[in-house]
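A.B. asks: Take a look and give me a structure for this.
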Amino acid sequence: MEWSRKYSLRSYLRSSLWVGPVLAYVASIVLVRLIGYLDTWLAWSWDWHMEVATVHSVLEGLVAATISFIVFAFSSLLVAIQVASAQLTPRIIATTLLRDPTIRSIVALFVLTLSFALGTLVRSQTAVQYLLLSCAIVLAGASTVAFIYLIDYAARLLRPVSVVWRLGEEGLAVIEQVYPSRIKGKHVPTVPHAPPGAPARTLFHQGRSAILLAVDLETLKREAEARQGTIEFAHQIGDFIAVGEPLFLLHDGAAAADERRLRAAVAFGPERTIEQDATFAFRVIVDIALKALSRAINDPTTAVLAIDQLHRLLRAVGRRHLHDDVIRDAAGTVRLVLRTADWEDFLQLSCREIRLYGADNYQVVRRLRAMLQNLLATLPEARHAAVLRELDLLDRTLDRLPMLAEDLALSRVADLQGLGAPQRDTRLQPSDA
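C.D. replies: Now for the predicted structure:
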């Protein structure tokens, strides 16, 4: 199977809620048969005798209870997801909620319990199979506990602080993958790689327009090394690519590269994903902040929670070598060019829109200022120019607002909590940890 198909299938399975229940249903059929044979062979029974009719009543009750669990769980989750996506952003459904392993495991347990109880009921028509009955009761008890836990878990999961924290964790993982090299000592800014020049051959996007999700870098690098040339990728992860647009710019010997192999190393889809897209976690968190700042919701505290995670991600990306646009072979020759976001891209994405829509709110501007001042104190000097530019834009935006002098002075104070904990002690300097 081609790499792009494997990637798309893996991504689809990770975000699909039906896969676990289907596997649980198949597993229940196998378990009922195996445990049924074992039950017949052991001839094991309880200390007290049960009538077949009583067992039927117990199993029918378990089936009815499990069906109620499934219906209530799915209906509650659908309502909760709709409310959360309306108040936060629809992009959290595929990126956070449907990929949650706890929810998927509990739903699979419900289906396993239901199908196992039905199988036990079918095999208990003439005689009681106590081992099967015991397993069905244990599964029913586990489903009851899991159902109660799911209610509590879903309520905690859908809180804004939980959603943005998860997005922050996923964003940190992608940053470490895309920008693996940390800054050590004095940072010397990396000069962006100059374009290799006019390509010897250009491959254009075919099929249908879509968003670039991921690229198999190892395959492209091996192909470029084998052809003794350079493969330049014309787009950045997360870009929308229309049919007929340039996809690969092939230089020197890479012009003879296998076209089918190159196309198979690129995965497309209808919407962005976080796996290789370092800026998408920022994008989703910023969207949550913007939705919270809308007049319909008016929840600046959620915007402050979002800025907390943006602050966390900016500190991480600011300590790494960016502009890693080229991949070289062992001899140092450039074999692959793939552009990635730089420091200004991350900083502008994190600040500009939030400042535009939240400048008239004390919490937002004070928390933004605290974040920018902290970045100045903790990141290498090469990052300071862009941060100072954002601070200047924040001050100029405040100057244009029709505010009282006292309110304007309050807005210019940095506050890590937004409003309530201004930074008064100038001796407290953040560390580089």
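
A.B. asks: roughly how far apart are the closest residue to residue 328 other than its chain neighbours and residue 197?
C.D. replies: If the residues on either side of it in the chain are set aside, residue 328 comes closest to residue 334, at 5.6 Å by CB to CB, 6 or more residues apart in numbering. Quick note: C-beta positions are derived from backbone N, CA and C, even for glycine. Taking CB to CB, to the nearest Å as the measure, residue 334 falls 12 Å from residue 197.

A.B. asks: the more surrounded of these two?
C.D. replies: Between residue 334 and residue 197, counted using other CB atoms under 10 Å, residue 334 has the larger neighbour count: 18 against 11.

A.B. asks: Compute the distance between that one and residue 254, please.
C.D. replies: Applying CB to CB, the value for residue 334 to residue 254 is 11 Å.

A.B. asks: joint contacts of those two?
C.D. replies: Taking CB atoms under 8 Å, 6 or more residues apart in numbering as the criterion, residue 334 and residue 254 both touch residue 230.

A.B. asks: hang on, the earlier thing: give me phi/psi at the residue nearest to residue 328?
C.D. replies: Dihedral angles phi and psi of residue 334 (degrees, to the nearest 10) take the values phi -70, psi 120.

A.B. asks: Residue 355 contacts residue 392, correct?
C.D. replies: No: the pair residue 355 / residue 392 is not scored as a contact, 11.4 Å apart, by CB atoms under 8 Å.

A.B. asks: neighbour count winner among the two?
C.D. replies: Between residue 355 and residue 392, residue 355 has the larger neighbour count (other CB under 10 Å), namely 17 against 10.

A.B. asks: quick one: pLDDT of that one?
C.D. replies: pLDDT recorded at residue 355 is 95.

A.B. asks: Could you do residue 126 as well?
C.D. replies: With respect to pLDDT, residue 126 scores 81.

A.B. asks: Wasn't it part of a strand?
C.D. replies: No: under DSSP: H, G, I helix; E, B strand; the rest coil, residue 126 falls outside any strand and is assigned coil.

A.B. asks: show me what contacts it?
C.D. replies: Contacts of residue 126 (CB under 8 Å, 6+ apart): residue 52.

A.B. asks: before we move on, what about residue 320?
C.D. replies: Applying CB under 8 Å, 6+ apart to residue 320 gives the contacts 175, 179-183.

A.B. asks: Next step: these restricted to helices.
C.D. replies: residue 175 (DSSP state H).

A.B. asks: now the contacts of residue 320 in JSON lines, with neighbour count, pLDDT and distance to residue 237?
C.D. replies: Shown next, in JSON lines, are the contacts of residue 320 (neighbours: other CB atoms under 10 Å; pLDDT from 0 to 100; distance: CB to CB, whole Å):
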{"residue": "175", "neighbour count": "20", "pLDDT": "91", "distance to residue 237": "13"}
{"residue": "179", "neighbour count": "19", "pLDDT": "86", "distance to residue 237": "13"}
{"residue": "180", "neighbour count": "10", "pLDDT": "84", "distance to residue 237": "16"}
{"residue": "181", "neighbour count": "10", "pLDDT": "82", "distance to residue 237": "18"}
{"residue": "182", "neighbour count": "10", "pLDDT": "84", "distance to residue 237": "21"}
{"residue": "183", "neighbour count": "16", "pLDDT": "81", "distance to residue 237": "22"}
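
A.B. asks: Closest one of the contacts of residue 320 to residue 261?
C.D. replies: Checking those against residue 261 by CB to CB gives residue 180 as the nearest, at 25.2 Å.

A.B. asks: I'd like the contacts of residue 320 as JSON lines, with distance to residue 131 appended.
C.D. replies: Below are these laid out as JSON lines (distance: CB to CB, whole Å):
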{"residue": "175", "distance to residue 131": "51"}
{"residue": "179", "distance to residue 131": "55"}
{"residue": "180", "distance to residue 131": "52"}
{"residue": "181", "distance to residue 131": "58"}
{"residue": "182", "distance to residue 131": "56"}
{"residue": "183", "distance to residue 131": "61"}
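
A.B. asks: from the contacts of residue 320, which is closest to residue 248?
C.D. replies: Nearest to residue 248 among the contacts of residue 320, with distances taken as CB to CB, is residue 179, at 23.2 Å.

A.B. asks: from what I can see that closest one touches residue 313, true?
C.D. replies: No: applying CB under 8 Å as the test, residue 179 and residue 313 come out as separate, 11.6 Å apart.

A.B. asks: In the stretch 1-150 of the chain, what residue spans correspond to helices?
C.D. replies: 3-14, 19-42, 52-87, 92, 101-122, 130-157 (DSSP state H, counting those that start in this stretch).

A.B. asks: can you pull the contacts of the closest residue to residue 243 other than its chain neighbours?
C.D. replies: Among residues not flanking residue 243 along the chain, residue 209 sits closest, at 5.4 Å (CB to CB, 6+ apart). Residue 209 makes contact with 240-243, according to CB under 8 Å, 6+ apart.

A.B. asks: Just the ones of those in helices?
C.D. replies: Short answer: these have none in helices (DSSP H).

A.B. asks: Most neighbours among those residues, which one is it?
C.D. replies: With neighbours taken as other CB under 10 Å, the top of the contacts of residue 209 is residue 241, carrying 19 neighbours.

A.B. asks: ok, now how distant is the nearest residue in space to that one that is not next to it in sequence from residue 218?
C.D. replies: Spatially, and ignoring its direct neighbours in sequence, residue 241 is nearest to residue 205 (4.9 Å; CB to CB, 6+ apart). Here residue 205 is placed at a distance of 22 Å from residue 218 (CB to CB).

A.B. asks: With just CA atoms, put stretch 125-136 into CSV.
C.D. replies: C-alpha atoms of stretch 125-136 as CSV (Å, rounded to 0.1, in the frame of the first residue of the first chain):
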residue,chain,number,x,y,z
GLN,A,125,-32.0,-21.8,25.9
THR,A,126,-31.9,-25.3,27.4
ALA,A,127,-29.3,-25.2,30.1
VAL,A,128,-27.5,-22.6,32.2
GLN,A,129,-23.9,-21.9,31.2
TYR,A,130,-22.5,-20.5,34.4
LEU,A,131,-19.2,-19.4,33.1
LEU,A,132,-20.7,-17.4,30.3
LEU,A,133,-23.3,-16.0,32.7
SER,A,134,-20.5,-14.9,35.1
CYS,A,135,-18.6,-13.2,32.4
ALA,A,136,-21.8,-11.4,31.2
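
A.B. asks: how far does it sit from the chain's center?
C.D. replies: 44 Å (CA atoms, centre = their mean, to the nearest Å).
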